[in-house]
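Chemist: 3D model of this:
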Amino acid sequence: MILNKDLNRKKRIYISRNKAQSRKLLNENKLIEILKKYNFMKIYAEDLSFKEQVNLFNSASFIIGPSGAGFTNMIFSDNVKVIELHTPKRITSVFFMLCKVLGFEYKYVIGYENFDNYNFRVNITEVENLVKEMI
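Modeler: A predicted model of the protein is given here:
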């Protein structure tokens, strides 16, 4: 739950897909350890009410995570930075195009080791380097 008193602070958000059936990041725990150093909070968009999603993404300064519907919430953001993590066998341009239209800074990382249901891993160092570059 997102508290009203937290709404004014700009947030760095990691959108997890670990509750989804596909496109899960298999080395997410290692990535979260790194992202905590940069004050990212892990969220499950599907656990938030619509109002909570709007409020959270409206207060976001940075969004990162595996490609999925949760990224659609960036439409409630203003001047946000985005890193999209792609499974190597299913790369789409939907959120890249949305970022272009909205004027957001966008980067991506293509993962490796595609498994069942398009689950995958990313190079943690590559993601961290992009985060440092964009902050």
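Chemist: What distance do you get for the spatially closest residue to residue 92 that is not a sequence neighbour to residue 121?
Modeler: Counting by Cβ to Cβ, 6 or more residues apart in numbering, residue 92 lies nearest to residue 67, which is 6.5 Å off, once chain neighbours are set aside. In this view, the C-beta of every residue, glycine as well, is placed from N, C-alpha and C. Per Cβ to Cβ, to the nearest Å, residue 67 is found 14 Å from residue 121.
Chemist: the more surrounded of the two?
Modeler: residue 67 (22 against 19; other Cβ atoms under 10 Å).
Chemist: Tally up the residues packed near the nearest residue to residue 70 once chain neighbours are set aside, please.
Modeler: Of all residues not flanking residue 70 in the chain, residue 45 sits nearest, at 3.7 Å (Cβ to Cβ, 6+ apart). The number of residues packed near residue 45 is 22, by other Cβ under 10 Å.
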